[in-house]
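Enquirer: predicted model follows, preceded by the sequence.
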Amino acid sequence: MQPLAAIQERISCGDEQALAELCRLLHRKLEQFAHTLVRSRELAEEIVEDVFVKLWYNRQHITTIDNLSVYLYVAVKNQSLNTLSRKAKELVTASYDQLDITLTHTTADPHDQLVSAEMMQRMYDVVEALPPRCKMIFKLIREDGLSYKEVASILSISVNTIDAQMAIAVKRIAAALELTRPQKLF
């Protein structure tokens, strides 16, 4: 049984600790995702809390969810859009291309520590300069660890679009880090 499936089962039985564990696993990522949509830390926090409250309220049905992570991202997306609809109708019509997405630094793993600070800064700058939709897709895949299929489901776009956007991101990052052309030794 995968970890989220075990947590789902425990939540369906009324285990509050399991819900707390799920919150620890996904709360920060979901809040960052909500923030990219609503552009407000307070609203993002409120949205994620509402999603977890609704999940707890309907816990008897939680075991019917195939992919809890994608379900929560979609719930956060829907709740964010509903909130925007109530707060400001004009923001609901903005496309993903007009959203301001910020990439946050996460704690470095051993691989990141081996890469020079200059290379990391160049990569960060390139990612920040990506078009908003491309940046959001890159963040969801690389930072949040979601699959192409999961991101496609969350954003209601095709896997081919995800693939194309990731190709753009990788090409720009590689060019900035000078990985596309071989280095001359002499």
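Expert: Cool, the structure landed. Numbering: from 1, shown residues only.
Enquirer: list the contacts of the most centrally placed residue in the chain.
Expert: Centroid-nearest residue in the chain, with Cα atoms, centre = their mean: residue 140, separated by 3.6 Å. Residues counted as contacts of residue 140 (Cβ atoms under 8 Å, 6 or more residues apart in numbering) are 33, 146, 150-151, 154-155. Using the backbone N, CA and C atoms, a C-beta is placed for each residue, glycine as well.
Enquirer: go again using 10 Å as the cut-off
Expert: 29, 32-33, 36, 73, 101, 146-148, 150-151, 154-155, 162 (Cβ atoms under 10 Å, 6 or more residues apart in numbering).
Enquirer: for residue 4, same thing?
Expert: When contacts are counted by Cβ under 10 Å, 6+ apart, residue 4 touches 21-22, 25-26, 65, 67-69, 71-72.
Enquirer: could you chop the protein up by domain?
Expert: 3-92, 97-176 (automatic domain parsing).
Enquirer: buried deepest among the ones you listed, which one?
Expert: Per residue and on average, the most neighbours among these fall to domain 3-92, with a mean of 17 (mean count of other Cβ atoms under 10 Å).
Enquirer: so how far is residue 138 from the nearest residue to residue 137 once chain neighbours are set aside?
Expert: Once flanking residues are discounted, residue 137 sits nearest to residue 165: 4.5 Å by Cβ to Cβ, 6 or more residues apart in numbering. Residue 165 is 7 Å from residue 138, where distance means Cβ to Cβ, to the nearest Å.
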